[in-house]
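# Here is a sequence with its predicted model. Questions after.
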Amino acid sequence: MKIGIIGAGNIGGALAHRFGAAGHEVTIANSRGSATLGELAAETGARAGTAEDAARRNEVVVLTIPLRNIPDLSADLFAGAPAELVVIDTSNYYPQQRDGVLDGIEDGTESGWVERQLGRPVVKAFNSIIADHLLNGGKPAGAPGRIALAVAGDDPKAKATAMALIDGIGFDAVDAGSIADSWRQQPGSPGYLKDYDIASVRRALADATPERKPEWRATPDSAGSFDRPA
């Protein structure tokens with residue numbers, strides 16, 4: 001499968017390794033330009049390109065950049081991309097640690113906000129695992145202790161594609177419902193950053209509550225108010 005990855009940080013780099021090792025044709029892009037991706041491209045066999053290359057010339061694109069940078073993506077990022085392009089969103093909202101206040105995001109789900117920014121539906125996946133575990137924790141299907149990942153989305157076909165990719169790189173995939181349900185796998189939820197198996201992921205999703213914990217809200221702490229990102 002032809003896969004584009006926009007973002008070459010910890011998760012993007014891990015996915016480039018995993019998808020490449022699984023035999024997929026990978027294009028990776030970042031905000032600093034393809035010249036900065038030579039080492040990662042050499043390690044993974046990925047092709048370094050632009051965000052537009054990653055978004056328009058592939059069957060799947062994984063968006064894995066800081067949430068606050070999503071509104072800065074080109075308005076025509078997906079111009080000419082096929083309607084059936086599967087967009088996987090790995091985003092997490094870290095208002096206190098990184099993103100600052102993003103208007104409207106706490107009124108719904110993080111990936112719902114991403115959909116509104118992009119003007120395209122997304123599948124939420126790969127947001128609840130530590131990058132090193134994504135890189136090194138894959139196991140064959142049926143192996144004891146195989147890590148399971150929650151996957152949310154509204155398009156059954158797109159979600160099935162994402163789940164097949166997850167299985168193909170050594171992890172089980174758990175259907176977590178719609179994008180409206182994706183709060184169940186956001187930061188602070190019972191399964192966030194836990195290496196759970198299928199049964200435990202399902203239990204964590206069922207036990208999740210929609211209220212954001214204070215540490216995952218854009219709530220001023222004792223040090224004062226937060227600034228909005230530039």
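Sure thing, it's come through. Numbers count the residues shown, from 1 in each chain.
# Please name every helix or strand in contact with the helix or strand containing Val174.
Using DSSP states H and E, Val174 sits within strand 172-175. Strand 172-175 sits against strand 148-153, helix 156-168, helix 198-207, with contacts defined as 3 or more C-beta pairs under 8 Å, 6 or more residues apart in numbering; DSSP states H and E. (Each C-beta comes from the backbone N, C-alpha and C, glycine too.)
# Convert the first one to PDB, retaining C-alpha atoms only.
So that's strand 148-153. Taking Å, rounded to 0.1, in the frame of the first residue of the first chain, the C-alpha atoms of strand 148-153 are listed here in PDB:
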ATOM      1  CA  ALA A 148      -4.100  -3.600  21.100                       C
ATOM      2  CA  LEU A 149      -4.800  -0.100  19.700                       C
ATOM      3  CA  ALA A 150      -8.200   1.700  19.700                       C
ATOM      4  CA  VAL A 151      -9.400   2.900  16.300                       C
ATOM      5  CA  ALA A 152     -12.300   5.400  15.900                       C
ATOM      6  CA  GLY A 153     -13.900   6.700  12.700                       C
END
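# Direction included, what does that strand pair up with?
The pairing partners recorded for strand 148-153 under DSSP bridges are strand 123-124 (antiparallel), strand 172-175 (parallel).
# hmm, who's touching it?
With contacts defined as C-beta atoms under 8 Å, 6 or more residues apart in numbering, strand 148-153 is touched by 111, 121-126, 128-129, 159, 162-163, 166, 171-179, 181-182, 184-185, 191, 196-198, 200-201, 205.
# Tabulate the helices and strands packed on strand 172-175 in TSV, adding columns for distance to Ala21.
Shown next, in TSV, are the helices and strands packed on strand 172-175 (distance: least, C-beta to C-beta, whole Å):
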stretch	distance to Ala21
strand 148-153	17
helix 156-168	10
helix 198-207	23
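# Looking at these, spot the one closest to Gly20.
helix 156-168 (11.9 Å; C-beta to C-beta).
# which of the helices and strands packed on strand 172-175 is buried the deepest?
For these, the largest average neighbour count (mean count of other C-beta atoms under 10 Å) is found in strand 148-153, namely a mean of 27.
# Just name the most buried of the strands paired with strand 148-153.
Of all the strands paired with strand 148-153, strand 123-124 carries the top mean neighbour count, a mean of 28, counting by mean count of other C-beta under 10 Å.
# Just give me how far that one sits from the chain centre.
7 Å (C-alpha atoms, centre = their mean, to the nearest Å).
# Could you list the residues in contact with it?
Among residues not part of strand 123-124, those counted as contacts by C-beta under 8 Å, 6+ apart are 86-91, 109-111, 150-153, 155, 158-159, 161-162, 176, 179, 182, 185.
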